Structures are given as structure tokens and as C-alpha cells.
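>>> The sequence and its predicted three-dimensional model are supplied below.
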Amino acid sequence: MTSAPPPPAPPPATSRSEFLAGARDQLPLLLGVVPFGLIFGALAVAAGIPALEAQGLSVFVFAGSSQFVAIGLIAGETPALLIVATILVVNLRHMLYSAALGPHVQSLSLRWKIPLAWLLTDEAFAMASLRYQREDRRTAHWYFLGTGLTLWASWQLSTLAGIVLGARIPESWSLDFALPLTFLAILVPQLKDRPSVASALVAGGLSVALIGMPLKLGLMAAILGGVAAGALLEALARQRSAEQEPLR
Amino acid sequence: MTRPELWLVILGGALATFAVRLSFIALIPPDRLPDSVRRGLRLVPPAVLSAIILPGLLSPAGHLALSLDNDRLWAGLLATLVAWRTRSTWLTIAVGMLALWGLGLV
């Protein structure tokens, strides 16, 4: 790793060793991923989604939090196109990952870019971006592929286990309530500053107030209102600190 | 929801997610996204999650239910406290479910 390879010699890392390193480095992250897959599978079944479609969400959408959001909306009989729009909004943050890794994969063909983009989850981004900070990036896309596929396979298996498990849990246990509880567990740690708190409070309040709107459009309006409120608060805070700057 | 509609959600959601992830990998990436975009994107998840959680807790039957016998509201408040203090997903779900079952018994 530290010794420089002689110029004409083959590269120190082969595609195979990179792939395996990517898979191995993803293992610790699976501690956080596998439980969520289990919960997802069980909750999808509890929400009345057939097993095949529940697995289909994990196979094709492959984006944890948006899948949880989707089963909540499916259970609430939300129109399909509005659910698709909400999935898009929830996953918009992946554009940041795409922009961050884009420069590293520019030289690859579309045959590489398509699977790598499809595997670009939070966890794959975390490991791949670390890899791209290291030297010798010629074979790093194999690392990216290894880490992404490991995650994908784990997500499928844990979803399947959750579906099997969830189908055995009786309805009287009110397992559907575990969905809002999961959301709470994801939401609360994100409330780090005033703009994020404002975004959550305004969106939540609007969502309750607009509950009677047709086609559940109140949800979209609430999300936009929340983000606008948070952004406004952030802009005001920046303006205030900019005004105070010359005094110091 | 019918099964064709479910598949519309699955394939539509998959396509939307893939398009977002492919965006700057396929196109020429910018040096950096504008700061306003980065900040705006950070505020989206809290808004979405809260907009989905709150109606379920405050009005489970479609109308506001700020009453003592709204078990889901009280269990949710307790779970929020646990999430805030412990940041543990498992503990948040466990305490929330136990609270709901406990309140159902009294």
C-alpha cells in the first residue's frame, strides 16, 4: 500500500481484490442496514402489500427511507403518481452524492455508470467516497461495485426475512404503528438546528391542517411549506450574522 | 391499491430514484452545487417525515383527536422523547409499541 509500484509492473490492486475489499469494508455498515431491511419487510406486509410487491420495492427502488415513506402512503390509499413524486422528493438528496462522485467516474463507459448510479445509496456513497480519497484510483470503480452489490444483496435478504417474519405477526399487535415510530427514530436525530426544526414543525402542522385536501395534495403542499419555512429562517440567520460581521 | 397501481409506484419510484442518482454521473458534473441547493436539500427529509408522522398521530381517523384516549398520540410522544434522549431506532420502536399495548390495556 505504502511502497510505490515500479512503473511498468501491473497495478498493485486487481479488479478482484478491489471488489472484495469494497464488499468487506461494507460489512460493518450492514449492522445498521439489515435491521432496517427486516423492519421494512415486516411493515410492508403489515400495511397490506403483497410479498412480491414488497420485495419489488427493495429490488428496484433500493432506497430505504423512501421505501418506508412509500408503504405509509400506499396504506393511506394515496394516488400512485403522488407517491412516485414523494419518492422523488425524498431521494433528491442523492443528487449531492451523484455530483460528488461524478468527477471520479467520468472516464468510465455508460455500461459502468448505469449500475454504479443504481447502487448509489447513502452507505455506498460513504464507502466509495472514502475509497476515492485514497491513491491509485484506476481500479476504484470495482471497489464501488463491490460495496454497492454487497449492500444491495443484504437489503434483499433482510427484506425477504422481514416479509416472512411479518406475515406471522397477528394484526392485533398493531405492527403498523411501528412505521411512524421508525420515522420518529429517523427524524429526531436530524433536528439539529432551528431551520431543520422549523421545516419539520411547519410541514407537520400544514399536513394536519390540510388533511382534507383532495388527492392528498396537502402532503406535497406541507413538504414545500416546511422546506420554505426552514430556508427562510436560515436566510434570516445568515443575513443577521452578515450584518454583525463588520462590528467585530 | 390494486396490484397494477402498486407496480406503477414501484417502477415509477425506481425510475425517479435512478434518474436522481445518475444525474451528475452521466452529465458533466459541476464543481460544486450552489450552496442554496445544498441547504434546501438538507431540509427536505425532516419536512417529509414530519408531514407523514403528525397526521397519523394527531388525527388517526381523519379528524383532529387531541384527547386522552388517543393512545397513538401518547405512545408517539413517549417514543419522541426516547428518540431524542437515546437516538436508538430499536429502543424508540420498542418503547412506542410497549406504550401502545400498555395504553390499550388500561
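On my side now, so go ahead.
>>> near chain A, anything from the helix or strand bottoming out on mean pLDDT in chain B?
In chain B, the helix or strand scored least confidently by mean pLDDT, DSSP states H and E is helix B:35-58, which has a mean of 86. Yes. Counting by CB under 8 Å from any CB of the partner chain, chain A has neighbours in helix B:35-58: B:36, B:38-58. Heads up, the C-betas are built off the backbone N, CA and C, glycines and all.
>>> Mind checking what helix or strand follows that helix in sequence?
helix B:71-86 (DSSP states H and E).
>>> Packing partners of the helix or strand following that following helix?
For helix B:71-86, the succeeding helix or strand toward the C-terminus, using DSSP H and E, is helix B:89-105. Counting contacts by 3 or more CB pairs under 8 Å, 6 or more residues apart in numbering or on different chains; DSSP states H and E, helix B:89-105 packs against helix A:15-46, helix A:178-187, helix B:71-86.
>>> among the ones you listed, which is the most enclosed?
Among the helices and strands packed on helix B:89-105, the stretch with the highest mean neighbour count (mean count of other CB atoms under 10 Å in any protein chain shown) is helix A:178-187, at a mean of 24.
>>> State the next helix or strand along the chain beyond it.
Counting by DSSP H and E, the next helix or strand C-terminal to helix A:178-187 is helix A:194-209.
>>> Let me know the angle separating that following helix from helix A:178-187.
Here the directions of helix A:194-209 and helix A:178-187 differ by 160 degrees (axes from the mean of the first three to the mean of the last three CA atoms, to 10 degrees).
>>> Which positions in helix A:194-209 come out as buried?
Within helix A:194-209, the residues that qualify as buried are A:195-208, counting by 16 or more other CB atoms under 10 Å in any protein chain shown.
>>> do it and chain B meet?
Yes. Counting by CB under 8 Å from any CB, chain B has neighbours in helix A:194-209: A:195-197, A:199-208.
>>> Sketch out the low-pLDDT regions of chain A for me.
Residues of chain A meeting the criterion pLDDT under 70: A:1-12, A:215, A:245-248.
>>> Pop the domain breakdown of it in here.
The record's domain split for chain A, according to automatic domain parsing, is A:15-174, A:191-243.
>>> Could you check how far the longest one is from the centre of its chain?
Between the mean C-alpha point of domain A:15-174 and the mean C-alpha point of its chain there is a distance of 7 Å (CA atoms, centre = their mean, to the nearest Å).
>>> okay, how far is it across that domain, tip to tip?
End-to-end distance of domain A:15-174 (CA to CA, to the nearest Å): 48 Å.
>>> Need the buried residues of helix A:194-209 in CSV (columns: distance to A:G102).
Formatted as CSV, the buried residues of helix A:194-209 follow (distance: CB to CB, whole Å):
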residue, distance to A:G102
A:P195, 27
A:S196, 27
A:V197, 32
A:A198, 31
A:S199, 27
A:A200, 30
A:L201, 35
A:V202, 33
A:A203, 30
A:G204, 34
A:G205, 37
A:L206, 35
A:S207, 34
A:V208, 39
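>>> ok so, going back, for the helices and strands packed on helix B:89-105, give me a markdown table that also has distance to B:I93.
A markdown table is the format used below for the helices and strands packed on helix B:89-105 (distance: least, CB to CB, whole Å):
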| stretch | distance to B:I93 |
| --- | --- |
| helix A:15-46 | 8 |
| helix A:178-187 | 5 |
| helix B:71-86 | 8 |
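>>> Which one, of the domains of chain A, ends up nearest to B:V95?
In this view, the domains of chain A are compared for proximity to B:V95 by CB to CB, and domain A:15-174 is the closest at 14.4 Å.
>>> Okay, buried residues for the helix or strand encompassing A:V84 please.
According to DSSP H and E, A:V84 maps onto helix A:80-91. Neighbour-count burial for helix A:80-91, with 16+ other CB under 10 Å as criterion, is recorded at A:A80, A:L82, A:I83, A:V84, A:A85, A:T86, A:I87, A:L88, A:V89, A:V90, A:N91.
>>> Now for the fourth one: which residues touch it?
Shown in contact with A:V84 (CB atoms under 8 Å, 6 or more residues apart in numbering or on different chains): B:L8, B:V9, B:G12, B:G13, B:A16.
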